[in-house]
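A.B. asks: coords below, sequence missing:
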């Protein structure tokens, strides 16, 4: 009797492990092709600014498509995602703003994520438009958003101050190369 229960429990745990293991990966964000920033905010006295630059390196395609999402702390989108293509040598400006913010009409060439005037905050998720950014295009280079440069700031408007944003997964992200040993110090691209 005890052996039968033990075998049934073992089979159940084994089946559960096989069933749930792949489901955990379905909701994960793959860091080899995504860029994230852990914080943004917008309210009646603040907004967020992001710049995306394409350096024009030979290993990156001359045009790269990306989708920027501002996800609130409750996992709800702040506004409709912004999708655009950036060309080599260019910089695109993206603002996360409240409704009726004066910047939306002052800078016609910028991209905007416009939401409520209430205080909202959360994280940024940037996805590639390309289904496989690791494939080299016929004209050369990859459509890989991790090869783009991202920088930004949360702006406190009443005293024109704020703080810089960190982007994880972009060209400036600091990480050790696979050929480094454990004792090597890590430094960024710069």
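C.D. replies: Yep, it's here. Predicted model, so just to flag it, every value in this text is computed and none were measured.
A.B. asks: Show me which positions of stretch 122-133 end up buried.
C.D. replies: Under the neighbour-count criterion of 16 or more other CB atoms under 10 Å, stretch 122-133 has 122-128, 130, 133 buried. Every residue, glycine included, has its C-beta placed from N, CA and C.
A.B. asks: Run a quick neighbour tally on the closest residue to residue 136 other than its chain neighbours.
C.D. replies: Sequence neighbours aside, residue 142 is the residue nearest to residue 136 in space, at 5.9 Å (criterion: CB to CB, 6 or more residues apart in numbering). For residue 142, the count of nearby residues is 20 (other CB atoms under 10 Å).
A.B. asks: quick one: residue 142 and residue 155, what's the gap?
C.D. replies: Separation of residue 142 from residue 155 (CB to CB, to the nearest Å) stands at 33 Å.
A.B. asks: Likewise for residue 112?
C.D. replies: In this view, residue 112 and residue 155 are 14 Å apart by CB to CB.
A.B. asks: mind listing the helices in this structure by residue range?
C.D. replies: For the chain, the helices defined by DSSP state H cover 2-26, 103-106.
A.B. asks: Which one of those helices has the poorest average confidence?
C.D. replies: Mean pLDDT values for the helices of the chain show the minimum at helix 2-26, a mean of 53.
A.B. asks: contacting residues for residue 164?
C.D. replies: Counting by CB atoms under 8 Å, 6 or more residues apart in numbering, residue 164 touches 151-153.
A.B. asks: again, 10 Å this time
C.D. replies: Counting by CB atoms under 10 Å, 6 or more residues apart in numbering, residue 164 touches 151-154.
A.B. asks: of those, closest to residue 117?
C.D. replies: Of all those, residue 154 has the smallest distance to residue 117: 16.3 Å, by CB to CB.
A.B. asks: could you measure residue 142 against residue 151, distance?
C.D. replies: For residue 142 relative to residue 151 (CB to CB), the value is 21 Å.
A.B. asks: repeat for residue 45
C.D. replies: Residue 45 sits 22 Å away from residue 151, going by CB to CB.
A.B. asks: could you pull out the strands for the chain?
C.D. replies: With DSSP state E, the ranges of strands along the chain come out as 35-42, 46-53, 63-72, 82-87, 91-98, 111-115, 120-128, 149-156, 161-164.
A.B. asks: And the last one, what's buried?
C.D. replies: By neighbour count with 16+ other CB under 10 Å, strand 161-164 contains the buried residues residue 162.
A.B. asks: Now stretch 79-92: average pLDDT?
C.D. replies: 96.
A.B. asks: Which pair of the buried residues of stretch 122-133 spans the longest distance?
C.D. replies: Within the buried residues of stretch 122-133, 122 and 130 form the most distant pair, 25.1 Å apart (CB to CB).
A.B. asks: So which helix or strand of the protein has the lowest pLDDT on average?
C.D. replies: helix 2-26 (a mean of 53; mean pLDDT, DSSP states H and E).
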